[in-house]
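Novice: No letters, just coordinates:
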């Protein structure tokens, strides 16, 4: 029986319900009704804002920004606004679709890519609280945009860095001849995530982590303690074996999160309750048995080739004998002889093609039956318990890398959750499986493939050299069947 995940934080995006800082500044998502207050905050500095950021439109930014954050004080008055995009929206020198090429050409730094970078496109704050506003907004941006490693800020060449951003954004050095722009080219500065959210150290759990983890679980759910007892965390960690493992996320020497995993999964139960054909039924062929099968096929093909060569030699000898027997027949005209030879050749060709097609079909059916008979092994592990300190929830995905390393032969991580469980940041990375109409399974099933941990993918037009790799990608019986039925 799979254990459901409990003890999870219920808020997927921390700023949806507002966040509070010690300086009395609250942050939340920007709303369309904020534009009047933001314009009032800008006031007479509109020309300065235009010099810093270009031609801006508050209403348009609230509507179109990837993330818009409004800061308010304890009285509810707007004291700051920031707009974040996935491209330098107010920098005309950079094409929105290919800005990484422009950035790398002009400044280098290939580590900044479209997959791990966001742009602070606009920022304004009340001078009396600008430092608190900036710190809260940048921390919230990194927390919300979990995949972003750096925030970039582009300013026109004649605009000087300004407080409070100049204290956290480090200018990138422009490469000589990196671009051919006339006039003063724009400057770019970078703010790394580590300034606001430290990286997690993921390691094997130890029994002594119990004291650090208890407040994490108690802050998020009391169900586990009530159900399993006060020391269930220590017992869970102490009961690890080859099939059941536990990992902790550590910050500054303290455990801030726990993930317990298991390779014991009833795949048959899940396949009977969910549509898992797209995931190869969560099974994979036994590699050792498959290797033996391929070796036997190779030997069989070599033997068949040898028999075919012997058959051709025998056929050639028989044909020579037939020619000798026909020497005494009535002489035919040259045209008649050519016509009969052509008909015989055409008939022989047709017989050969039919025989080859039948043999190919028989071979495919035989190989498909052989592969279907190869033993299937489970291709997934499940996450049985997970909890993370709210301050580090946006980094939850980092634990998955170490979790997959514990099960190098498994391709999928699974989560089962009750229908009433609110979403949390880790769940955003998973895909929900579609239940079958006849399913009586009481939980939802979520899946994550290990390839989703790979770096950003490059997309380009296909070419002829891709054919062997595409063929290998679609080689399994289930994938071929799906492709044939679709096309």
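Specialist: Received the coordinates, thanks. Just so it is clear, the model here is predicted, and its values are computed rather than measured.

Novice: Show me where the stretch 1-150 of the chain has its strands.
Specialist: With DSSP state E, counting those that start in this stretch, the ranges of strands along the stretch 1-150 of the chain come out as 19-20, 26-29, 67-72, 78-85, 117-125, 150-155.

Novice: Compare those and say which comes out lowest on pLDDT.
Specialist: Comparing mean pLDDT across the strands of the stretch 1-150 of the chain, the weakest is strand 19-20, with a mean of 48.

Novice: Tell me the spatial nearest neighbour of residue 71, not counting adjacent residues.
Specialist: Once flanking residues are discounted, residue 71 sits nearest to residue 80: 3.5 Å by C-beta to C-beta, 6 or more residues apart in numbering. Using the backbone N, CA and C atoms, a C-beta is placed for each residue, glycine as well.

Novice: For that neighbour, list the residues it contacts.
Specialist: Each residue near residue 80 by C-beta atoms under 8 Å, 6 or more residues apart in numbering is listed here: 25, 41, 69-71, 123-126, 129-130, 133-134, 137.

Novice: quick one: which of these is nearest to residue 310?
Specialist: residue 69 (79.6 Å; C-beta to C-beta).

Novice: Report the beta-bridge partner residues of that closest one.
Specialist: On the basis of DSSP bridges, residue 69 is bridged to residue 29, residue 82.

Novice: How many neighbouring residues does it have?
Specialist: When neighbours are defined as other C-beta atoms under 10 Å, residue 69 has 24 of them.

Novice: What of residue 40?
Specialist: Neighbour count of residue 40, defined by other C-beta under 10 Å: 10.

Novice: Look up how far residue 52 lies from it.
Specialist: Per C-beta to C-beta, to the nearest Å, residue 40 is found 18 Å from residue 52.

Novice: thought residue 133 was touching residue 124?
Specialist: No: at 9.1 Å, residue 133 does not count as touching residue 124 under the criterion of C-beta atoms under 8 Å.

Novice: where in the stretch 101-250 of the chain is pLDDT low?
Specialist: By pLDDT under 70, the low-scoring segments of the stretch 101-250 of the chain are 177-184, 221-229.

Novice: Now do the helices in it.
Specialist: Per DSSP state H, counting those that start in this stretch, the stretch 101-250 of the chain carries helices over the ranges 130-144, 210-220, 223-228, 232-238.

Novice: surely residue 61 meets residue 123?
Specialist: No: the criterion here is C-beta under 8 Å, and residue 61 misses it with residue 123 at 11.0 Å.

Novice: and for those two, which residues touch both?
Specialist: residue 83.

Novice: Using CSV, lay out the strands of the stretch 1-150 of the chain together with distance to residue 210.
Specialist: What follows is the strands of the stretch 1-150 of the chain, written out as CSV (distance: least, C-beta to C-beta, whole Å):
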stretch, distance to residue 210
strand 19-20, 29
strand 26-29, 34
strand 67-72, 37
strand 78-85, 39
strand 117-125, 37
strand 150-155, 36
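
Novice: so who does the nearest residue in space to residue 61 that is not next to it in sequence touch?
Specialist: Sequence neighbours aside, residue 83 is the residue nearest to residue 61 in space, at 4.3 Å (criterion: C-beta to C-beta, 6+ apart). Residues in contact with residue 83 (C-beta under 8 Å, 6+ apart) are 30, 61-62, 65, 67-68, 89, 120-123.

Novice: from the residues you listed, which single one is nearest residue 429?
Specialist: Once C-beta to C-beta is applied, the member of the contacts of residue 83 that ends up nearest residue 429 is residue 67, at 18.0 Å.

Novice: hang on, isn't the closest one packed against residue 144?
Specialist: Yes: the criterion here is C-beta under 8 Å, and residue 67 meets it with residue 144 at 6.1 Å.

Novice: where does residue 443 fall, phi/psi-wise?
Specialist: phi -120, psi 170 (degrees, to the nearest 10).

Novice: How much space separates the closest residue to it other than its chain neighbours from residue 403?
Specialist: Using C-beta to C-beta, 6+ apart and skipping residues adjacent in sequence, the residue nearest residue 443 is residue 416, 4.2 Å away. Using C-beta to C-beta, one gets 16 Å for the distance from residue 416 to residue 403.

Novice: do residue 155 as well
Specialist: Using C-beta to C-beta, one obtains 41 Å as the distance from residue 155 to residue 403.

Novice: same thing with residue 53?
Specialist: From residue 53 across to residue 403, the span is 42 Å (C-beta to C-beta).

Novice: likewise residue 172?
Specialist: In this view, residue 172 and residue 403 are 35 Å apart by C-beta to C-beta.

Novice: neighbour count winner among these two?
Specialist: residue 403 (22 against 19).

Novice: Now do the SS call for the more buried one.
Specialist: helix (DSSP: H, G, I helix; E, B strand; the rest coil).

Novice: Identify the residues contacting it.
Specialist: Residues in contact with residue 403 (C-beta under 8 Å, 6+ apart) are 245, 247, 259, 261, 381, 383, 413.

Novice: Just the buried ones from the residues you listed, in PyMOL syntax?
Specialist: This is how PyMOL selects the buried members of the contacts of residue 403, with burial counted by 16 or more other C-beta atoms under 10 Å:
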select buried, resi 245+247+259+261+381+383+413
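
Novice: now the contacts of residue 403 in TSV, with distance to residue 356 and secondary structure?
Specialist: What follows is those, written out as TSV (distance: C-beta to C-beta, whole Å; DSSP: H, G, I helix; E, B strand; the rest coil):
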residue	distance to residue 356	secondary structure
245	53	strand
247	56	strand
259	55	strand
261	51	strand
381	46	strand
383	51	strand
413	46	strand
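
Novice: can the contacts of residue 403 go into CSV with extra columns for distance to residue 364?
Specialist: As requested, the contacts of residue 403 are exported to CSV (distance: C-beta to C-beta, whole Å):
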residue, distance to residue 364
245, 41
247, 45
259, 44
261, 39
381, 34
383, 39
413, 34
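
Novice: re the thing from before, for residue 300, which of the strands of the stretch 1-150 of the chain is the nearest?
Specialist: Among those, strand 117-125 sits nearest to residue 300 (C-beta to C-beta), with 54.4 Å.

Novice: which other residues reach that closest one?
Specialist: Contacts for strand 117-125 (C-beta under 8 Å, 6+ apart): 38, 41-42, 45, 49, 53, 56, 61, 65-67, 71, 79-90, 133-134, 137, 141, 145, 148-154, 164-165, 191.

Novice: and if we set it to 6 Å?
Specialist: 41-42, 53, 56, 61, 80-86, 88-90, 133, 145, 148, 150-153 (C-beta atoms under 6 Å, 6 or more residues apart in numbering).

Novice: Return the angle between stretch directions for it and strand 78-85.
Specialist: 160 degrees (axes from the mean of the first three to the mean of the last three C-alpha atoms, to 10 degrees).

Novice: now strand 117-125: how far from the chain's centre is it?
Specialist: Here strand 117-125 is found 26 Å from its chain centre; the criterion is C-alpha atoms, centre = their mean, to the nearest Å.

Novice: Then stretch 276-288?
Specialist: Chain-centre distance of stretch 276-288: 19 Å, with C-alpha atoms, centre = their mean.

Novice: Offset the numbering so it begins at 23, please.
Specialist: Taking 23 as the first residue, the last one we looked at is stretch 298-310.

Novice: Buried residues, it. List them.
Specialist: Counting neighbours by 16+ other C-beta under 10 Å, the buried set in stretch 298-310 is 298, 301-302, 304-307.

Novice: Any regions of the stretch 323-472 of the chain where pLDDT drops low?
Specialist: Checking the stretch 323-472 of the chain against pLDDT under 70 turns up 337-354, 392-396.
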